[in-house]
Each structure stands twice: as structure tokens, then as C-alpha cells.
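In: here you go, sequence then predicted model.
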Amino acid sequence: MYNSRTGDIIPTVSESLSESLSESLSDTVTAVPAGELVEKIFAVSKLIRQASRDLPIPPHHLRGLRIIATEPIRPARLAERLHITPRAVTDVVDALVAADFITVGDDPTDRRAKVLTITSDGEQIVHTAQQVREEKAQALLSQLSPQQQRDLNFLLAQILDH
């Protein structure tokens with residue numbers, strides 16, 4: 001409101017109330033509990049991972065296959081990467097060999113050791129799993145506006161950078 005005698009702008013009651021309310025709200029609003037945020041991040045991740053459940057490979061075998069896809073690897077090292085025992089990795093390797101997703105060959109640097117290498121069928125499964133997960137992620141993220149997606153990307157990057 002404008003005071004014609006003094007030339008001053010006088011805030012209206014609603015403007016004063018709005019400013020006061022904004023100040024008091026900013027003082028009382030608290031952050032979302034970290035546990036709640038972590039639960040939501042895990043839930044979104046789980047939804048994306050579950051998208052590949054219809055593939056002809058169990059999830060724990062797919063994890064192993066994705067590791068082998070990055071480079072040929074010894075079974076003992078695969079067990080370490082999967083955080084399982086060498087005995088348990090034998091079952092994973094046997095299943096992947098039986099499905100023709102990997103081959104077991106001699107290690108060129110140590111003829112006593114074996115190396116696991118992905119086959120073209122294995123590469124196809126890894127590619128399909130990635131595609132299915134990407135489609136699921138896209139479907140989930142399509143609920144957000146492009147600006148919200150950029151904001152989410154920025155915030156997650158900030159967390160990962162620290």
C-alpha cells in the first residue's frame with residue numbers, strides 16, 4: 001500500500017503476515033530424516049533391479065556375469081567381488097558355463113589358474129538386463145519434470161562426490 005502523504009510504501013496486513021509466516025516456517029521446517037531418504041533410495045533401486053527378474057538368469061548369477069563382462073577374471077577374484085565363498089562361486093560359475101554365458105579357460109599368466117570369460121550369449125544377457133533396467137528407470141523418472149530430473153541428478157551427484 002502507498003502512503004500519499006509521506007511517499008512511503010506501507011506493507012499490507014497480508015504481506016506482513018506472509019513474511020512473518022515464511023520466517024517462522026523456515027525456522028520450524030526440519031530436514032527429512034536420513035533413514036527415510038535412504039529407504040526411498042533403496043526402494044527405487046530395488047524397483048529397477050526387479051525389472052530384470054524375468055530374464056532367464058537368477059539375480060546373483062547376473063551380478064557375476066556383469067563382473068565377468070568387464071574383464072576376464074579368476075574364480076577366486078569373482079568370489080571376492082561378489083562377497084561370497086570360493087565354494088559358492090563354483091556353483092555360480094558352473095551355472096553360467098552350463099547356460100553358455102561364460103567359458104573357463106587357462107590363465108595365460110599362470111597355467112595352474114583358470115580365467116572366466118564372457119561369451120556372446122552372456123554379453124547379450126548383460127545387454128538385455130541393462131536395457132530392461134534402463135527402461136524401468138526411465139518409466140520411474142518420467143513422473144518427474146525435466147527440471148526435477150536435473151535437480152535429482154545434481155543432488156545425487158553431490159552426495160556421491162562427498
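Out: Arrived safely.

In: what about residue 145, distance to residue 158?
Out: As judged by C-beta to C-beta, to the nearest Å, residue 145 and residue 158 stand 20 Å apart. Any C-beta I mention is one placed from the backbone N, CA and C, and that applies to glycine too.

In: sorry, that was for residue 76
Out: From residue 76 over to residue 158 (counting by C-beta to C-beta), the distance is 37 Å.

In: show me where this protein has its strands.
Out: Under the criterion DSSP state E, the chain contains strands at 102-107, 110-118.

In: quick one: closest of those to residue 84.
Out: Comparing the strands of the chain against residue 84 with C-beta to C-beta, the closest turns out to be strand 110-118 (14.2 Å).

In: show me what the closest one is packed up against.
Out: With contacts defined as 3 or more C-beta pairs under 8 Å, 6 or more residues apart in numbering; DSSP states H and E, strand 110-118 has these neighbours: helix 59-70, helix 75-82, strand 102-107.

In: tell me which of the ones you listed is the most buried.
Out: Highest mean neighbour count of these: helix 59-70, a mean of 19 (counted as mean count of other C-beta atoms under 10 Å).

In: got the angle for that helix vs strand 102-107?
Out: Computed with axes from the mean of the first three to the mean of the last three C-alpha atoms, to 10 degrees, the direction of helix 59-70 lies at 50 degrees from that of strand 102-107.

In: phi, psi of residue 101?
Out: Main-chain torsions, residue 101, degrees, to the nearest 10: phi -90, psi -20.

In: what's the distance between the closest residue to it other than its chain neighbours and residue 71?
Out: In space, and not counting its chain neighbours, residue 101 is closest to residue 122: 3.5 Å by C-beta to C-beta, 6 or more residues apart in numbering. For residue 122, the distance to residue 71 equals 13 Å [C-beta to C-beta].

In: who's more crowded, the two?
Out: Legend: neighbour count by other C-beta atoms under 10 Å for residue 122 and residue 71, higher for residue 122 (22 against 11).

In: tell me if I'm right that the more buried one and residue 96 touch.
Out: Yes: with contact defined as C-beta atoms under 8 Å, residue 122 reaches residue 96; the gap is 7.1 Å.

In: find the residues that touch each one of the two.
Out: Taking C-beta atoms under 8 Å, 6 or more residues apart in numbering as the contact rule, residue 122 and residue 96 both touch 65, 68, 102.

In: could you pull out the helices in the protein for me?
Out: 13-28, 34-50, 59-70, 75-82, 86-98, 120-141, 146-161 (DSSP state H).

In: hey, which of those is tucked in deepest?
Out: For the helices of the chain, the largest average neighbour count (mean count of other C-beta under 10 Å) is found in helix 59-70, namely a mean of 19.
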